[in-house]
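Colleague: Here is a sequence with its predicted model. Questions after.
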Amino acid sequence: MRKSFARLLPLPTVVVLGSLLLGCPNPNSYQTPRTVEPGKISHSVSLESFGYIGETAAAVDPETGAVTETRTTSGFLPTLPSYQLRAGLTDMLDIGAHVHNLSSMGFDLKVNPVRGVFDLAVDPGAQYFYVTSGESSVHVLYLHAPLMLGVNPTDWFSIVVTPGVTYGLVSGEFSTEDEDSAATADGLLVRGGLGLQFRVSEGFAIHPEITMMKSLEGSGLVYNFGLGFNFGALPSYKDLQEPM
């Protein structure tokens, strides 16, 4: 007869585990705050990597079980590429569909009320992936809520800062030879990102971006770095061009 019980897992542990299974949280957008024009479509392909910095127990008191010494651990690994499609809905609203690292699905809805030398947008979204191995399976949902702040010194270059939060919810079944365990975990992460967009032409841009996320439940820090290539009907910056 099998025994079932609930186990709470720290989000940083699940984040690192997910990254090794190519299901890491991916907050990078490779976009500026500006939305795609209504009825137009743009695309983005990105080459990416994932890293983490955390602490593990280096020494434990044998009598009390308390951690007496910790050590810093870190890792950095490439991940599979990502793809994004964006479609313009209105003058200040577009929607994005994502395939993160060729392993998880996502979407976002960007609202861009302010445009000029300074741009502002809000870009809530979600990312879901499912991991299974043997009799074990895990469902992971990340809810992203970034604020996008853009500065446009010229019509061909933008600096994008993306502060915000990410909430992670994990649930699943972990099985051993004689018992099953149902696992759920949730947690809030604060996040901050920096991106630079170089618009080579009206239909092509290069966008390196890095985003760091810090869990409020522990000392772990994770980060995503990628190089995005945007093409198609990109947002217009003709309003910044100097008159002839």
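Modeller: Now that the structure is in, tell me what you want to look at.

Colleague: Let's verify the most centrally placed residue in the chain: helix, strand, or coil?
Modeller: Residue closest to the mean C-alpha point of the chain, counted by CA atoms, centre = their mean, is Pro27 at 1.7 Å. Following DSSP: H, G, I helix; E, B strand; the rest coil, the label given to Pro27 is coil.

Colleague: Gly195 versus that one, what's the distance?
Modeller: Using CB to CB, to the nearest Å, Pro27 is found at 11 Å from Gly195. Using the backbone N, CA and C atoms, a C-beta is placed for each residue, glycine as well.

Colleague: so what sits against both of these two?
Modeller: Thr162 (CB atoms under 8 Å, 6 or more residues apart in numbering).

Colleague: thought the residue nearest to the centre of the chain was touching Gly192?
Modeller: No: contact between Pro27 and Gly192 fails when scored by CB atoms under 8 Å: they sit 9.6 Å apart.

Colleague: shared neighbours, these two?
Modeller: Common neighbours of Pro27 and Gly192, using CB under 8 Å, 6+ apart, are 162, 164, 211.

Colleague: For the first one, give me phi and psi.
Modeller: Backbone dihedrals for Thr162, given as degrees, to the nearest 10, come out at phi -130, psi 80.

Colleague: contacting residues around it?
Modeller: By CB under 8 Å, 6+ apart, Thr162 lies in contact with 27, 29, 123, 146-149, 191-195, 211.

Colleague: who's the closest residue to the residue nearest to the centre of the chain other than its chain neighbours bridged to?
Modeller: Once flanking residues are discounted, Pro27 sits nearest to Thr211: 4.5 Å by CB to CB, 6 or more residues apart in numbering. Counting by DSSP bridges, Thr211 is bridged to Gly193, Asn224.

Colleague: I'd say Thr211 and Val222 touch.
Modeller: No: Thr211 lies out of contact with Val222 (CB under 8 Å); the separation is 9.2 Å.
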